[in-house]
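A.B. asks: test case, fold it:
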Amino acid sequence: MNSTLPSKRKLMTCALGVVAAAAATLVSGTALAQAGGTIKIGLILPMTGASASTGREVSAAVNLYLAQNGSTVAGKKVEVILKDDAGVADTTRRLAQELVVNDKVTVLAGFGLTPLAVAVAPIATQSKTPQVVMAAATSSIVDASPYIVRTSFTLPQVTLGMAEWAAKNKIKKVVTLVTDYGPGIDAERTFKERTLLNGGQVLAELRVPLRNPDFAPFLQRVADAKPDAVFVFVPSGFGAGFMKQFAERGLDKSGIKLIATGDVTDDEQLNDIGDVAMGMITSHHYSVAHPSATNKKFVEAFTKANPGLRPNFMAVGGYDGMRVIMKGLEATKGAGGEALLNAMKGQVFESPRGPVLIDAQSRDIVQDVYIRKVERVPAMGNQLYNVEFDVQKAVKDPAKVK
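C.D. replies: Numbers count the residues shown, from 1 in each chain. Next up is the predicted model:
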């Protein structure tokens, strides 16, 4: 053996030292942020790329909440630092590291897709920085760090209602078609399990790539299987492309029912999708047409502040996420870390989507889930809306139901 090479023990000692130094840097950055005169929130979103619509909606809603409620806590100015990760997890991780170490943020927030949220979880844990997930929806995200709080939703949470509706409406033979990543797999598994439990059949389980999806060959397989219905999940922003190909393949006239989670009939894109979506049944936790007074005020303020942009479920996740952060900071008088995490857990409030709870044990959101039908509403400008006609109250993510 070459005696000039370092021993395994020395290499391990060196590696552990690097990790310890990095963790110490992250923790000291957070402590300095709390001691300063400004409270900084790092907002990481896909402002460009395939998921840019998510970034636009969440950032607009964050700005709206601050404009309505003020940006000062305990005599300190709250500053939101927006960073564009373009939907790339390596970029998200790097930006989070820079925000904690260089900008000394008290909170990390945003996260448009599951891989982006998960990529930051170790940084949140090491630096003891609360991480508020405003958009990503895989069930297991909150398990990636004890510092994660979610204000969006989970796919199992909104899928259960669709599976139950299908069974009650004599849909027995189904094909599932989902985007091949965490939330899609969650939706597929939840829908299949509940369909089988209700005595139905799943004829095929189809998974479409997340990047550059071409739905045509998968839709052909749906047509060949001749199910009663096809259950679909695609991420926010992908619904228009899917519906266009659904119509081009003639499936809208095939007699095969199209049922989905509300991501497919995203409120922001619904009018662009057009009449091919008419009558489509979906389940979700928010519709811009939700008939509460709180939501009507939210929609009016959002559209006034963002002409041409209709708020969607991503906007509500951002709006409520900012509410949870600010109310938590008020309770801690501007302190971050463990104190802020504890102040965010257990919050109960009326959201534009309806009543919500941040569960103190799971750190996940509990909320109503609505069954909706796409209709053209004359009283609302004759535009297309997801009109709610049934509701499941106070739904937890199924994985957190004991």
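A.B. asks: so where's the stretch 301-402 of the chain shaky on pLDDT?
C.D. replies: Counting by pLDDT under 70, the stretch 301-402 of the chain contains low-confidence residues at 402.
A.B. asks: quick one: the strands in it?
C.D. replies: Ranges of strands in the stretch 301-402 of the chain, per DSSP state E, counting those that start in this stretch, are 348-351, 354-358, 365-377, 383-395.
A.B. asks: ditto for the stretch 51-200 of the chain
C.D. replies: Here the stretch 51-200 of the chain has its strands, by DSSP E, counting those that start in this stretch, at 72-73, 76-84, 107-110, 131-133, 148-150, 173-179.
A.B. asks: in JSON lines, list these along with mean pLDDT.
C.D. replies: Shown next, in JSON lines, are these (pLDDT from 0 to 100):
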{"stretch": "strand 72-73", "mean pLDDT": "96"}
{"stretch": "strand 76-84", "mean pLDDT": "98"}
{"stretch": "strand 107-110", "mean pLDDT": "98"}
{"stretch": "strand 131-133", "mean pLDDT": "98"}
{"stretch": "strand 148-150", "mean pLDDT": "98"}
{"stretch": "strand 173-179", "mean pLDDT": "97"}
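A.B. asks: would JSON lines of those strands with mean neighbour count and distance to residue 353 be doable?
C.D. replies: Heads up, the C-betas are built off the backbone N, CA and C, glycines and all. Below are the strands of the stretch 51-200 of the chain laid out as JSON lines (neighbours: other C-beta atoms under 10 Å; distance: least, C-beta to C-beta, whole Å):
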{"stretch": "strand 72-73", "mean neighbour count": "16", "distance to residue 353": "24"}
{"stretch": "strand 76-84", "mean neighbour count": "17", "distance to residue 353": "22"}
{"stretch": "strand 107-110", "mean neighbour count": "30", "distance to residue 353": "18"}
{"stretch": "strand 131-133", "mean neighbour count": "31", "distance to residue 353": "16"}
{"stretch": "strand 148-150", "mean neighbour count": "27", "distance to residue 353": "14"}
{"stretch": "strand 173-179", "mean neighbour count": "24", "distance to residue 353": "23"}
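A.B. asks: quick one: which of those is nearest residue 355?
C.D. replies: strand 148-150 (16.3 Å; C-beta to C-beta).
A.B. asks: contacts for the closest one next, please.
C.D. replies: The contact list for strand 148-150 (C-beta atoms under 8 Å, 6 or more residues apart in numbering) reads 117, 121, 124, 130-133, 141-142, 324, 341, 344-345, 358, 363-365.
A.B. asks: helices - which of these land there?
C.D. replies: Secondary structure assignment by DSSP state H places 117, 121, 124, 324, 341, 344 of those in helices.
A.B. asks: so the last one touches residue 329, yeah?
C.D. replies: No - in this structure residue 344 lies outside contact range of residue 329 using C-beta atoms under 8 Å: 9.2 Å.
A.B. asks: can you map out the helices along the stretch 51-200 of the chain?
C.D. replies: With DSSP state H, counting those that start in this stretch as the criterion, the stretch 51-200 of the chain has helices at 52-69, 89-101, 114-127, 155-168, 182-197.
A.B. asks: right, and those helices - which one's nearest residue 232?
C.D. replies: Comparison of those against residue 232 by C-beta to C-beta identifies helix 182-197 as nearest, at 8.8 Å.
A.B. asks: hang on, the earlier thing: adding distance to residue 240, write the strands of the stretch 51-200 of the chain out as CSV.
C.D. replies: Output for those, formatted as CSV (distance: least, C-beta to C-beta, whole Å):
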stretch, distance to residue 240
strand 72-73, 39
strand 76-84, 22
strand 107-110, 23
strand 131-133, 25
strand 148-150, 26
strand 173-179, 14
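A.B. asks: what's the closest of the ones you listed to residue 56?
C.D. replies: Residue 56 lies closest to strand 76-84 among the strands of the stretch 51-200 of the chain, at 11.0 Å (C-beta to C-beta).
A.B. asks: what sits up against the closest one?
C.D. replies: Here strand 76-84 makes contact (C-beta under 8 Å, 6+ apart) with 36-48, 55, 59, 62-63, 66, 71-72, 95, 99, 103, 105, 326, 329, 334.
A.B. asks: now list the buried members of those.
C.D. replies: Among those, the ones that count as buried by 16 or more other C-beta atoms under 10 Å are 39-47, 55, 59, 62-63, 66, 71, 95, 99, 103, 105, 326, 329, 334.
A.B. asks: any idea how far residue 395 is from residue 195?
C.D. replies: Between residue 395 and residue 195 the distance is 18 Å, computed by C-beta to C-beta, to the nearest Å.
A.B. asks: got the contact list for the nearest residue to residue 218 once chain neighbours are set aside?
C.D. replies: Nearest residue to residue 218, sequence neighbours excluded (C-beta to C-beta, 6 or more residues apart in numbering): residue 206, at 4.7 Å. Applying C-beta under 8 Å, 6+ apart to residue 206 gives the contacts 175-178, 218, 221-222.
A.B. asks: residue 206 belongs to a strand, doesn't it?
C.D. replies: Yes - counting by DSSP: H, G, I helix; E, B strand; the rest coil, residue 206 falls inside a strand.
A.B. asks: thinking again about what came up before, closest to residue 312 out of the contacts of residue 206?
C.D. replies: Nearest to residue 312 among the contacts of residue 206 is residue 178, at 19.6 Å by C-beta to C-beta.
A.B. asks: can I assume the closest one is in contact with residue 192?
C.D. replies: No - counting by C-beta under 8 Å, residue 178 does not reach residue 192; the two are 10.4 Å apart.
A.B. asks: where do the contact lists of these two overlap?
C.D. replies: Residues touching both residue 178 and residue 192 (C-beta under 8 Å, 6+ apart): there are none.
A.B. asks: do you know the pLDDT at the residue nearest to residue 218?
C.D. replies: The per-residue pLDDT reported for residue 206 equals 97.
A.B. asks: any idea what it is bridged to?
C.D. replies: residue 177 (DSSP bridges).
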